[in-house]
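Enquirer: I would like the atomic coordinates for the input below:
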Amino acid sequence: MKKRLIKFALFFGTIITIASSCGSTKEKVKPDEVKTDEITLSDEEKKAFEQVEGDTIVIANDETEYEIIIIDPGFFNWLNSIARPEGYYSQTFLENRNQILVINWNQRVLQPSRYDPNLYLQQIDYQPDIDYGYEVNYKLYNYFIFFQRKYNQRLGPFVPRI
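Expert: Numbers count the residues shown, from 1 in each chain. The predicted structure follows:
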């Protein structure tokens, strides 16, 4: 059976350094950044984010013939230990959120001078009129939550909560 691949393979392995300067000027916050006072990370979540060994998750559904490949250290551990369990969200909820998050993601891929091209490597081919099934939507949504929390990004109007 031929599988269509939702183009979504992320390769993160570089160390991200955030530098701050001392001074009396007011700190500017980019619209895509999450203020640290809005998100509280547990020790378990911080440990998952600090993982450096590569994780590869293949999300496949034979019935729908679609798959997603996610390569990001810590995601598998985070998904299994911190994320809400499968069945917590309805498929409609996941599809609606994924549509918004994919649009914002793809816009950032197309603006490498504005958004870090090391974070936003390639577009996601997610069509709202295709039923990808629950598992694909669940794991894609949770990857967006993981990504936003780990890299301090905001892909939509929602605070990325667990």
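Enquirer: ok now do the nearest residue to residue 115 once chain neighbours are set aside, which residues does it touch?
Expert: Nearest residue to residue 115, sequence neighbours excluded (Cβ to Cβ, 6 or more residues apart in numbering): residue 108, at 4.1 Å. C-beta coordinates here come from the backbone N, C-alpha and C atoms, glycine included. By Cβ atoms under 8 Å, 6 or more residues apart in numbering, the residues touching residue 108 are 32, 114, 115, 119, 120, 155.
Enquirer: biggest helix in the chain, by residue count?
Expert: Counting residues, the longest helix in the chain under DSSP state H turns out to be helix 91-109.
Enquirer: Could I get the average pLDDT for that helix?
Expert: The pLDDT scores in helix 91-109 average 97.
Enquirer: With adjacent residues omitted, what lies nearest to residue 156?
Expert: Nearest one to residue 156, counting by Cβ to Cβ, 6+ apart, is residue 100 at 4.8 Å.
Enquirer: okay, now the one you found: neighbour count?
Expert: Residue 100 has 14 neighbouring residues, counting by other Cβ atoms under 10 Å.
Enquirer: How about residue 113?
Expert: 5.
Enquirer: and it, that one's in a strand?
Expert: No - assessed with DSSP: H, G, I helix; E, B strand; the rest coil, residue 113 is coil; it does not lie in a strand.
Enquirer: Would you check how far apart it and residue 120 are?
Expert: Plainly put, residue 113 is 12 Å away from residue 120 if you go by Cβ to Cβ, to the nearest Å.
Enquirer: now the strands for the chain?
Expert: 4-6, 56-61, 66-71 (DSSP state E).
Enquirer: hey, least reliable of the ones you listed by pLDDT?
Expert: Across the strands of the chain, strand 4-6 gives the lowest mean pLDDT, at a mean of 46.
Enquirer: Now do residue 29, the pLDDT please.
Expert: You'll see residue 29 listed with a pLDDT of 42.
Enquirer: who touches residue 92 in this structure?
Expert: If you count contacts by Cβ under 8 Å, 6+ apart, residue 92 has none.
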